[in-house]
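*Asks:* Requesting a structural model of the entry that follows:
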Amino acid sequence: MSSPTPRYPLHRLTGQFREPTREASYRQEIAPRVRLESSLALCVAALVFGMFSISDYHYLEPGLALTLLLAMRLVVTLSCLVLALVIGRLGDYNHRLWLHALPLWILATGIILIVLLRPGPESLSTQVTSLLVAITAFYLLIPNLLPVVTIASLYLSVGFLTAAVLVADISVVVTLRITLLIVMANVVGFFALLRLERLQRTQFALLEEERVQNRQLVEEIARRKSLEAQLRMVAERDELTGLDSRRHFMARAEALLKRARHEKAPFSLFMIDVDHFKAINDTWGHGQGDRVLAALAEICRRSLRPQDVIGRFGGEEFIVALPDTHPRDALMVAERLQQRISDLEVMEALPEHRLTVTIGIAGFRDENADLDALIQQADRALYAGKHAGRNRVVVSQEMRDEA
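*Replies:* Numbers count the residues shown, from 1 in each chain. Just a heads-up that it's a prediction; the model follows:
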């Protein structure tokens, strides 16, 4: 899979997608994780900030300065804890970016106020260490967008350095060293977060591309399954009548006959032929002939049982397999079907014309009988009926001999 960078370019300084809609989609994707991680990180940062009040007793005597410092720590700690709770419920880079930025500014202001409320070079080393940890936390531990973190971190750095110069009475050399440490911490933090932002968005773009490909694959599989079903339907169904095709009928009937042999159950089969069908086509056209076949197929579907199998054998011939049916019962079914067909009004040009069919019946006799033999028996009975004048039901000679 190709890299998503050329397709989804990222901003060099922020690591964000240049395309606003894709950036919004990414932020929406990570919103639950950001809410959880931000809440946890702010709770930890607030508690650590509050716990450092223990060191205040070491540097300050009881008095107004200590009271103000402890009050400030309490306000910052409670504010961050409240914001952690709010972000956990409502945090969203897309709509409430200010909500994610606010804790950083509160923490930064609190760290700057520590320098003003606890002046003196003796505590400066501890404060510088805290500053560097805070900058690192801003960039890497508290989830946020790079521009937001950078501005808050610069505010903290400049404010801290300014306060240290004003109240801590430090030399130029110390000021320069602190400045270099602050610059180094910001540069390292900036590029670390930039790299992380780019990697996360690259991973998101790859995941999105994979999702698109999976969706396309699913659609292609569904399309192929649909096509396969259509091809199976074409192979199994007669297009005109909707009945089983000859091949599909033979497969189903063979399975039914095999079961009948195994269970020693009766099995019957009959063939139906439309009388004078060629005359219908020649006189009223093939369109009328097709309507006749479709109507005959419909009456057969409604007249036969769900377990019976009916197919178009070819032309105007139909074939029916009746499992668990004795030939004498098949005779009654065929006669009833013949009567219903004759009651159909399918000739629009001549409504008085009645459609007739000839039916030949064969039955399962012994375990050695096969489907082809039964079809031949039914076919011979059918043609016997044709020669006898049509419009009749004829049982095969083999069945009559058995009777």
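*Asks:* Which helix or which strand is home to Leu196?
*Replies:* Assigned by DSSP states H and E, Leu196 belongs to helix 172-236.
*Asks:* Can you name the element that comes right after that helix?
*Replies:* Taking DSSP H and E, what comes next after helix 172-236 is helix 246-263.
*Asks:* What is that next one packed up against?
*Replies:* helix 172-236, strand 267-274, strand 309-314, strand 317-323, helix 371-387 (3 or more Cβ pairs under 8 Å, 6 or more residues apart in numbering; DSSP states H and E). In this view, the C-beta of every residue, glycine as well, is placed from N, C-alpha and C.
*Asks:* can you redo the ones you listed as TSV with mean neighbour count?
*Replies:* Below are these laid out as TSV (neighbours: other Cβ atoms under 10 Å):
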stretch	mean neighbour count
helix 172-236	13
strand 267-274	26
strand 309-314	21
strand 317-323	25
helix 371-387	19
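*Asks:* So which of the ones you listed is nearest Ser342?
*Replies:* When the helices and strands packed on helix 246-263 are compared by Cβ to Cβ, strand 267-274 sits nearest Ser342, at 11.5 Å.
*Asks:* Would you mind getting the angle between that closest one and strand 317-323?
*Replies:* 160 degrees (axes from the mean of the first three to the mean of the last three Cα atoms, to 10 degrees).
*Asks:* CA-only coordinates of strand 267-274 in PDB, if you can.
*Replies:* What follows is strand 267-274, C-alpha atoms only, in PDB (Å, rounded to 0.1, in the frame of the first residue of the first chain):
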ATOM      1  CA  PHE A 267     -42.700 -41.900  -6.400                       C
ATOM      2  CA  SER A 268     -44.600 -40.700  -9.400                       C
ATOM      3  CA  LEU A 269     -43.800 -38.600 -12.400                       C
ATOM      4  CA  PHE A 270     -45.900 -37.200 -15.200                       C
ATOM      5  CA  MET A 271     -45.300 -35.200 -18.400                       C
ATOM      6  CA  ILE A 272     -47.600 -32.500 -19.700                       C
ATOM      7  CA  ASP A 273     -47.900 -31.400 -23.300                       C
ATOM      8  CA  VAL A 274     -50.000 -28.500 -24.600                       C
END
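*Asks:* now the next helix-or-strand element following it, how far from the centre of its chain.
*Replies:* Under the assignment DSSP H and E, the closest C-terminal helix or strand after strand 267-274 is helix 277-284. The chain centre lies 54 Å from the centre of helix 277-284; the measure is Cα atoms, centre = their mean, to the nearest Å.
*Asks:* Sketch out the low-pLDDT regions of the stretch 101-250 of the chain for me.
*Replies:* Confidence mapping of the stretch 101-250 of the chain against pLDDT under 70 gives the ranges 120-121.
*Asks:* returning to that earlier point: export the helices and strands packed on helix 246-263 to TSV and tack on distance to Gln338?
*Replies:* Converted to TSV, the helices and strands packed on helix 246-263 look like this (distance: least, Cβ to Cβ, whole Å):
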stretch	distance to Gln338
helix 172-236	27
strand 267-274	8
strand 309-314	15
strand 317-323	12
helix 371-387	10
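*Asks:* so which of these comes closest to Gly88?
*Replies:* Here helix 172-236 is closest among these (Cβ to Cβ), at 20.6 Å.
*Asks:* The helix holding Leu196 vs helix 246-263, what angle?
*Replies:* Using the same axes, to 10 degrees: helix 172-236 against helix 246-263 is 80 degrees.
*Asks:* re the thing from before, nearest approach to Phe52 belongs to which of the helices and strands packed on helix 246-263?
*Replies:* Using Cβ to Cβ, the nearest of the helices and strands packed on helix 246-263 to Phe52 is helix 172-236, at 18.7 Å.
*Asks:* okay, the angle between that closest one and strand 309-314?
*Replies:* 70 degrees.
*Asks:* from what I can see Arg336 touches Cys300, true?
*Replies:* No: counting by Cβ atoms under 8 Å, Arg336 does not reach Cys300; the two are 11.2 Å apart.
*Asks:* which of these two has more neighbours?
*Replies:* Cys300 (20 against 12; other Cβ atoms under 10 Å).
*Asks:* for the helix or strand in which that one is found, packing partners?
*Replies:* Using DSSP H and E, Cys300 sits in helix 286-303. In this structure, helix 286-303 makes packing contacts with strand 267-274, helix 277-284, strand 309-314, strand 317-323, helix 327-342, judged by 3+ Cβ pairs under 8 Å, 6+ apart.
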